[in-house]
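Enquirer: only geometry, no sequence info:
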């Protein structure tokens, strides 16, 4: 790498830490990066930080937050690797661990991370910075990249094969979640596993995932049949999510409580 590429990587790393600091500490705290060493070959970045004007090295306790920066950065790198540049398939808050989330990638694999990690990885500025100081050096010849601090035994290693993972990814961030019992008219059932059904709630038509396994089993073996005007009384979860600065609504049918058969006119003459 030439000196211009090195300078761009250092600036990008500083930008990345700026996004991290806002996520961890809030808007009023700023971090200034001090690069302690820069080595070619493996493209190592060795650094310390200045928090609120006071020199602090990682994991010394001088940083006000209990979340150590190097661990948080490592979680961000782990999430990029986990998603491999593709959108998340699902994201849920962990019931067992406070401030923890479970993220599923397109291969059906899960990872548990601090919820704040999403705010960084989904941030366009952080994604652009990661492209510059991680992806480009690896694509331009570096075999590996290491982010470390001289005062910490922890280090983050990224291999050349990981390079395509670093960049913008679509991560759905839950904003509002609610459950309700509601009647829905069936507009279009689907009998292919994984496909969403189309419903009408009296005002709007929408697609929803049916997650009631018992109901689906009845559909598959023919115990549930549908006709025009049929209504399902269901328990439905509605989630508003944010993905790359856009909003969308996701609906999941958790339980089918009752299937009300629509009115079908009897023939005037029997067969």
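Expert: Structure received. The structure presented is a predicted model; accordingly, all values stated were derived computationally and were not measured. Residues are numbered from 1 along each chain as shown.
Enquirer: secondary structure element for the residue most central in space within the chain?
Expert: By CA atoms, centre = their mean, the mean C-alpha position of the chain lies nearest to residue 171, the distance being 3.4 Å. Using DSSP states H and E, residue 171 maps to neither a helix nor a strand.
Enquirer: For the residue lying closest to it once chain neighbours are set aside, the count of nearby residues, please.
Expert: Leaving aside its sequence neighbours, residue 171 sits nearest to residue 122 (CB to CB, 6 or more residues apart in numbering; 4.3 Å). From N, CA and C alone the C-beta is placed, and that goes for glycine too. Neighbourhood size, residue 122 [other CB atoms under 10 Å]: 21.
Enquirer: Give me the phi and psi for residue 122.
Expert: Note on residue 122: backbone dihedrals following degrees, to the nearest 10 are phi -80, psi -10.
Enquirer: just residue 214 next, same as before
Expert: Dihedral angles for residue 214 - degrees, to the nearest 10 - are phi -60, psi -40.
Enquirer: State the distance from it to residue 183.
Expert: For residue 214, the distance to residue 183 equals 19 Å [CB to CB, to the nearest Å].
Enquirer: next one: residue 108
Expert: 33 Å.
Enquirer: before we move on, back to that, compare residue 214 and residue 183 and say which one has the larger neighbour count.
Expert: Remark: of residue 214 and residue 183, residue 183 carries more neighbours, 14 against 8, as counted by other CB under 10 Å.
Enquirer: ok, now how distant is that one from residue 133?
Expert: In this structure, residue 183 lies at 53 Å from residue 133, with CB to CB as the measure.
Enquirer: Need the pLDDT of the residue nearest to residue 159 when sequence neighbours are not counted.
Expert: Excluding the flanking residues, the one nearest residue 159 by CB to CB, 6+ apart is residue 144, at 5.4 Å. pLDDT, residue 144: 86.
Enquirer: Which elements pack onto the host helix or strand of residue 251?
Expert: Element membership for residue 251, per DSSP H and E: strand 246-260. For strand 246-260, the packing partners by 3 or more CB pairs under 8 Å, 6 or more residues apart in numbering; DSSP states H and E come out as strand 173-188, strand 205-210, strand 231-243.
Enquirer: mind running it again at 7 Å?
Expert: strand 205-210, strand 231-243 (3 or more CB pairs under 7 Å, 6 or more residues apart in numbering; DSSP states H and E).
Enquirer: List the contacts of the shortest one.
Expert: Outside strand 205-210, the residues that touch it by CB atoms under 7 Å, 6 or more residues apart in numbering are 187, 196, 197, 198, 199, 216, 236, 251, 252, 253.
Enquirer: Pull out the buried residues from it.
Expert: 206, 208, 210 (16 or more other CB atoms under 10 Å).
Enquirer: repeat for stretch 79-96
Expert: 79, 80, 81, 82, 83, 88, 91.
Enquirer: from those, which two are the most distant?
Expert: Greatest spatial distance among the buried residues of stretch 79-96 (CB to CB): 81 and 91, at 16.3 Å.
Enquirer: residues near residue 153, how many?
Expert: As a burial measure, residue 153 scores 8 neighbours (other CB under 10 Å).
Enquirer: Can you name the residues that contact it?
Expert: Residue 153 touches nothing, counting by CB under 7 Å, 6+ apart.
Enquirer: rewinding a little: filter the contacts of strand 205-210 down to the buried ones.
Expert: The neighbour-count test (16+ other CB under 10 Å) applied to these identifies 196, 197, 198, 199, 216, 236, 251, 252, 253 as buried.
Enquirer: how near is the first one to residue 207?
Expert: Plainly put, residue 196 is 4 Å away from residue 207 if you go by CB to CB.
Enquirer: for this structure, where's the lowest mean pLDDT among helices and strands?
Expert: Least confident helix or strand, the chain: strand 54-56 with a mean of 39, by mean pLDDT, DSSP states H and E.
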